[in-house]
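# got a sequence here, can you model it:
(one chain, ligands or ions: 1)
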Amino acid sequence: MNVTLEIALVKLGGSVVSDKGKLKTFSRKNVDSLSAEINSYLSESSDRRVVIVHGGGSFGHVKAKAYSIREGLKNDSQLKGFAEVRQDMRLLNSRIMGCLMSRGIASVSLPAESIVSIRDTAVQSEDFSLVDASIAHGMAPVTFGDAVFDSKRVFTIISGDILMHSLAGHLRPQVSVFCTDVDGVYDSNPVINRSARLIRLLTESTKVSLEESARSDVTGEMRGKLAVLFDIAHCSSRTYVVNGRVRGRLLSALRGDVRRGTEVSHG
Ligand code: IPE
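Reported below is the predicted structural model:
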């Protein structure tokens, strides 16, 4: 990549862009204010670029789980589910694109399959030519977790976090930010433990309790998410997890000035 560019990699978590409890409910207010913050960051310097990845939330996880899409093709009754998850994710993506574009960001949708190919649920090969071309011309590529073809299992689910991992390895961003529905990474699950404490600086030796809550996510557990987070931190100058539902937190993270959130140490 062009070394003079300052690249920010941003994940908009599914729990921020949608209401996870209600099937296909778009959180326009959150996405609109996050789009405004991304635009403010970009407007501060012409050398800045943003690459965006979004999750599935209630547009992806509910049906992906109901039809066991991640596991691959086992019977033909899943085909309808695969098609529906893809369709629902495109609907969500189109709503997010609408918010970004109405804030003046020249964003281009690049579905996961235009960047990675998948075999047996894992990334088999990567092609960043469209991402690089978009960035070179001042556009903001937007990709997303999706129901994708898998050369062994016919289909599977790829998460936005795995796309963040591939993109961070290639782009070596100045800053990577994960926007979630809580203030950052906690020492235990804040959904089920009221005394959970926010970790300000997460290192590979920080103790994090891996107790799960009963959520319908199909793309993995906390342990896997933390491993990906550390890998991304190794590729980024700074990496943060912040609350994407609180106004201003994303912009502060992009500027490297986080008052409430988790910074992930690159070790
Ligand atoms: C999931 O992507 C995509 C589908 C279920 C189709 P993510 O795993 O990145 O989504 P969130 O951010 O957890 O909702």
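# going by C-alpha atoms from here, please, whenever you check contacts or count neighbours.
Will do.
# P141: what secondary structure?
Secondary structure assignment for P141 (DSSP: H, G, I helix; E, B strand; the rest coil): strand.
# what's the burial count for it?
By other C-alpha atoms under 10 Å, the residues close to P141 number 22.
# ok, now A136?
Count around A136 with other C-alpha under 10 Å applied: 14.
# shift numbering so it begins at 91
Sure, I'll start counting at 91 from here, so that last one is A226.
# now do it against R339, distance only.
27 Å (C-alpha to C-alpha, to the nearest Å).
# where does pLDDT dip in the stretch 141-290 of the chain?
Within the stretch 141-290 of the chain, no range satisfies pLDDT under 70.
# list the contacts of V206.
213-217 (C-alpha atoms under 8 Å, 6 or more residues apart in numbering).
# now stretch 179-197: how far from the chain's centre is it?
Mean C-alpha position of stretch 179-197 versus that of the full chain (C-alpha atoms, centre = their mean, to the nearest Å) differs by 15 Å.
# from the contacts of V206, list the buried ones, please.
Using 16 or more other C-alpha atoms under 10 Å as the burial test, these include 213, 216 as buried.
# same list, the contacts of V206, but as CSV with secondary structure please.
Converted to CSV, the contacts of V206 look like this (three-state DSSP):
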residue, secondary structure
V213, strand
Q214, strand
S215, strand
E216, strand
D217, coil
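# helix, strand, or coil at E353?
Applying three-state DSSP: E353 is strand.
# which residue sits closest to it in space, ignoring its chain neighbours?
Excluding its sequence neighbours, the residue lying closest to E353 (C-alpha to C-alpha, 6 or more residues apart in numbering) is Y330, at 4.5 Å.
# so how far is I195 from that neighbour?
Taken as C-alpha to C-alpha, the span from Y330 to I195 is 22 Å.
# of those two, which one has the most company?
Just comparing Y330 and I195: by other C-alpha under 10 Å the higher neighbour count belongs to Y330, 27 against 21.
# doesn't that one lie inside a strand?
Yes. Checked against three-state DSSP, Y330 lies within a strand.
# ends of stretch 318-332, what's the gap?
Note: stretch 318-332 ends 16 Å apart using C-alpha to C-alpha.
# I misspoke; the intended subject was stretch 330-347.
End to end - C-alpha to C-alpha - stretch 330-347 spans 10 Å.
# anything in that stretch near the ligand?
No. Applying C-alpha under 6 Å from any ligand atom, one finds stretch 330-347 out of contact with the ligand, separated by at least 11.6 Å.
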